[in-house]
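>>> next one to model:
(one chain, ligands or ions: 1)
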Amino acid sequence: MRKKIIAANWKMNMSASQAEFLLAALVPKISNTSAECLILPPFTSLYAVKKLLAGTGIALGAQNMHYMDNGPFTGEISPLMLKEAGVEYVLLGHSERRALGESGEMINLKVKSAVNHGIKPIICLGEPQEVRESGTELEFISNQLDEELGGICLCSEMLIAYEPIWATGTGCPADSADAQRCASFIRSYLAMKDSQCAQEIRILYGGSINSSNIASFLSQSDIDGALVGGASLNESFERIARYDEEF
Ligand code: PGA
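Numbers count the residues shown, from 1 in each chain. Below you'll find the model as predicted:
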């Protein structure tokens, strides 16, 4: 049985003081949900958020990392630094990072490094609008998986986030049945590498998730969680985290 996970990707929002303000209100409301909750703050807010999450059962993650442990990489953050900050998860290969020039090869190195350091990678993928229009999204997803997972042994603690680019930050979510079709395709791809792990790896959907549509995504058999951007930045995130309760 895969435990559902709901991740708040704050992106480049929430300074340490803003994070403290939001979490003071939010943490009591989301610390005993049936799904695992995960907060992904910007780097400079990690320590403040870690303090506020201590003992709550809510997990901490980072939005990116370099694959090297240290060295002349101005502006980068290493897996060792994330470990010391108490990070359990790291988002890798988000489309907004790929748009800044991150290649599949780099993401592959990052996934390897995260696994080596015991940080759980949330490996992102998803097709742009023009690929969707041409009907070749499954081929595109498969190529991204080839790149990201090349030379990597699967482990059950990895997560995959399917985030179609046309649905991310646009207010136009995918259809939940269609997201299920892609998630199921991803699981069958994983099963070709390792059938046991494929059953255990959690696959998330991301892209314009809100409190009204979350339940329809999480009711799909291969969607085990959600990666939430815009709707994670205020107290209404409680409704998403408690998607299976009545309000
Ligand atoms: P969104 O972002 O919920 O604002 O669409 C999701 C993401 O980019 O992870």
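
>>> and the helices in the chain?
With DSSP state H, the ranges of helices along the chain come out as 16-30, 46-53, 79-84, 95-98, 104-116, 129-134, 137-149, 176-193, 195-200, 214-218, 237-241.

>>> which of those is buried the deepest?
Of all the helices of the chain, helix 237-241 has the most neighbours on average by mean count of other Cβ atoms under 10 Å, namely a mean of 22. Where you see a C-beta, it was placed from the backbone N, CA and C, and this is true even at glycine.

>>> and it, average pLDDT?
If you average the pLDDT over helix 237-241, you get 98.

>>> touching that helix from outside, list them.
Outside helix 237-241, the residues within contact range by Cβ atoms under 8 Å, 6 or more residues apart in numbering are 6, 8, 26, 29-30, 33, 35, 37, 209-211, 214, 226, 228, 231-232, 247.

>>> rewinding a little: the helices of the chain into CSV, with extra columns for distance to the ligand?
Below are these laid out as CSV (distance: least, Cβ to the nearest ligand atom, whole Å):
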stretch, distance to the ligand
helix 16-30, 16
helix 46-53, 17
helix 79-84, 18
helix 95-98, 7
helix 104-116, 15
helix 129-134, 14
helix 137-149, 16
helix 176-193, 13
helix 195-200, 23
helix 214-218, 11
helix 237-241, 10
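
>>> and the contacts of helix 237-241, which are buried?
6, 8, 26, 30, 33, 35, 37, 209-211, 214, 226, 228, 231-232 (16 or more other Cβ atoms under 10 Å).

>>> excluding chain neighbours, what is closest to the residue in the chain that the ligand sits nearest to?
Residue nearest to the ligand within the chain: residue 229 (2.3 Å; Cβ to the nearest ligand atom). Excluding the flanking residues, the one nearest residue 229 by Cβ to Cβ, 6 or more residues apart in numbering is residue 9, at 5.0 Å.

>>> picking that back up, among the contacts of helix 237-241, which are located in strands?
In strands, defined here by DSSP state E, the members of those are 6, 8, 37, 226, 228.

>>> which one of those residues is nearest residue 98?
residue 228 (19.3 Å; Cβ to Cβ).

>>> confidence score at that closest one?
98.

>>> may I have the beta-bridge partners of it?
Each beta-bridge partner of residue 228 is listed here, defined by DSSP bridges: residue 8.

>>> residue contacts, it?
With Cβ under 8 Å, 6+ apart, residue 228 has these contacts: 6-9, 206, 209, 214, 237, 240.

>>> that one and residue 247, how far apart?
According to Cβ to Cβ, to the nearest Å, residue 228 and residue 247 sit 17 Å apart.

>>> please apply the same query to residue 145.
In terms of Cβ to Cβ, residue 145 sits 37 Å off from residue 247.

>>> again with residue 99
In this view, residue 99 and residue 247 are 36 Å apart by Cβ to Cβ.

>>> same check, this time on residue 219
Taken as Cβ to Cβ, the span from residue 219 to residue 247 is 17 Å.

>>> can you give me the pLDDT of the residue lying closest to residue 4 once chain neighbours are set aside?
Using Cβ to Cβ, 6+ apart and skipping the chain neighbours, the partner closest in space to residue 4 is residue 35 (3.9 Å). Here the pLDDT value assigned to residue 35 is 97.
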